[in-house]
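Participant: Next one to model:
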Amino acid sequence: MSLGRTLRALAGVSLLVACANPAADQALYAQSALIGMPKATLLSCAGVPDRQATVGNQEFFTYRSGRITSYPGSVGLWGGYWGPGWGGWGYPAYDADIRSTTCEATFTLRNGAVERLVYGGAPGGTSTLGQCYYVVGNCLAQVPHGAPQTGLQPGPRPPAPAP
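Facilitator: Predicted coordinates:
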């Protein structure tokens, strides 16, 4: 293998490792770890659901988590053909990158215990698995065998966005 190929392979592996998301890993783990959790425990660790429904002997609890982040962009001057002043150099142009990430986690309960957990996104935002951790993080601490160690700490659930 040539040195160039080796360096490209190492760069590719480094990129994959850099993209690892412990919060997303925990959210995936929760889909199996929280199965069987009693309804009372779910309500105590996740709180009151944003939506709930009952169909036959199944209950559906949906929790939402959202976050808006703003990253500063470039600052510069705009200019035009006529030089400084109207239509020319003058006012600074500000730029920002604003991103919205959401997660909707729906728990299906049967006979008072979690049977299934699925994730989706709310309309108008980018759904990310990492954002789902903020729904299930406190509940993972209640799992008897505990969550895999990733350095993440359960935290308070962020406030729900306004409807």
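
Participant: Which stretches in this protein count as helices?
Facilitator: 3-18, 22-33, 39-46, 129-140 (DSSP state H).

Participant: ok, how many other residues are close to the residue lying closest to Arg99 once chain neighbours are set aside?
Facilitator: Distances taken as Cβ to Cβ, 6 or more residues apart in numbering place Thr69 nearest to Arg99, at 5.2 Å, with adjacent residues excluded. Placement of C-beta: from N, CA and C, glycine included. Taking other Cβ atoms under 10 Å as the criterion, the count of residues near Thr69 is 9.

Participant: measure Thr69 to Asp25 for me?
Facilitator: Distance check for Thr69 against Asp25: by Cβ to Cβ, to the nearest Å, it reads 21 Å.

Participant: repeat for Val118
Facilitator: Using Cβ to Cβ, we find Val118 at a distance of 17 Å from Asp25.

Participant: who's more crowded, the two?
Facilitator: When Val118 is set against Asp25 and neighbours are counted by other Cβ under 10 Å, the residue ahead is Asp25, at 17 against 12.

Participant: for this structure, what spans make up the strands?
Facilitator: 51-55, 58-77, 92-110, 113-120, 126-127 (DSSP state E).

Participant: how about TSV for those strands, with distance to Ser44 added?
Facilitator: Supplementary listing: those in TSV, determined by distance: least, Cβ to Cβ, whole Å:
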stretch	distance to Ser44
strand 51-55	16
strand 58-77	13
strand 92-110	13
strand 113-120	13
strand 126-127	26
